[in-house]
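Trainee: fold the stuff below for me.
(chains A and B)
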Amino acid sequence: AQSVTQLGSHVSVSEGALVLLRCNYSSSVPPYLFWYVQYPNQGLQLLLKYTSAATLVKGINGFEAEFKKSETSFHLTKPSAHMSDAAEYFCAVIPSGAGSYQLTFGKGTKLSVIP
Amino acid sequence: DTEVTQTPKHLVMGMTNKKSLKCEQHMGHRAMYWYKQKAKKPPELMFVYSYEKLSINESVPSRFSPECPNSSLLNLHLHALQPEDSALYLCASSQDRADGANTEAFFGQGTRLTVV
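Mentor: Numbers count the residues shown, from 1 in each chain, chains lettered A, B, ... in the order given. Predicted coordinates for the structure are as follows:
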């Protein structure tokens, strides 16, 4: 089954520093990939998605992710962390050609931002 | 309107109670979902409705009973729950197109359920 692996269950960065959250997928065929953010006691909000168009995907709140087939990766970055970025981030995958019900989440990475 | 609205936001219920969670979307999506999320875990799929018909039940206990009255509404009826059922229950919807475009799911804010 298609899956994603998020490296690091907890990442801490200083305010203003680069944010890098790692996600690797397991598939020989490029799937559809997503990053969601979840603030405490809230639902999931879509940050960005990759659906085989541009490999560099820009999302909301200054986040972007680059699809690298050779590395089977879809890492999430933001040049300068803000206190409001502190949240749980989930990478998710849908196999190419599959329906949305096959959305599979990684285990999540909690981002802490230190003032 | 890209919102999925869930009510109530919080619910405390006893193990003998019957309650319902409600979800509504007006994006014209024809697929709707219930997920369960325990603390520090990713969401787990419970049910999928496609065109108002139950298409997937991920071996969920019968004390959880989903209902899709129309294309905009999704309910989850709860009866005789256990304390271990306490969790955040998330509703989501999508266009359910398997062509790459618009495959993303939109999530509601969730209902925080506590079973006492």
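Trainee: all helices of chain B, in order?
Mentor: All residues of chain B lie outside helices when identified by DSSP state H.
Trainee: so where is chain B shaky, pLDDT-wise?
Mentor: B:1-2, B:96-102 (pLDDT under 70).
Trainee: how far away is the spatially most central residue of it from chain A?
Mentor: The residue lying closest to the centre of chain B (CA atoms, centre = their mean) is B:W34, at 2.6 Å. Separation of B:W34 from chain A (CB to the nearest CB, to the nearest Å) stands at 11 Å. (Glycine included, C-beta is placed from N, CA and C.)
Trainee: my guess is A:L47 meets A:Y36, correct?
Mentor: Yes: contact criterion CB atoms under 8 Å: A:L47 and A:Y36 qualify, at 6.3 Å.
Trainee: comparing these two, which shows the higher neighbour count?
Mentor: With neighbours defined as other CB atoms under 10 Å in any protein chain shown, A:L47 and A:Y36 compare such that A:Y36 has more, 26 against 23.
Trainee: residue contacts, the more buried one?
Mentor: A:L44, A:Q45, A:L46, A:L47, A:Y89, A:F90, A:A92, A:F105, B:F107 (CB atoms under 8 Å, 6 or more residues apart in numbering or on different chains).
Trainee: find residues that contact each of A:L47 and A:Y36.
Mentor: In contact with both A:L47 and A:Y36: A:Y89, using CB under 8 Å, 6+ apart.
Trainee: show the backbone phi and psi for the residue nearest the centre of chain A.
Mentor: In chain A, the residue lying closest to the centroid (CA atoms, centre = their mean) is A:W35, at 3.4 Å. Main-chain dihedrals, A:W35, degrees, to the nearest 10: phi -120, psi 130.
Trainee: same check, this time on A:G62
Mentor: Taking degrees, to the nearest 10 as the convention, A:G62 sits at phi 80, psi 10.
Trainee: near chain A, anything from stretch B:74-85?
Mentor: No: using CB under 8 Å from any CB of the partner chain, stretch B:74-85 stays clear of chain A, coming no nearer than 13.7 Å.
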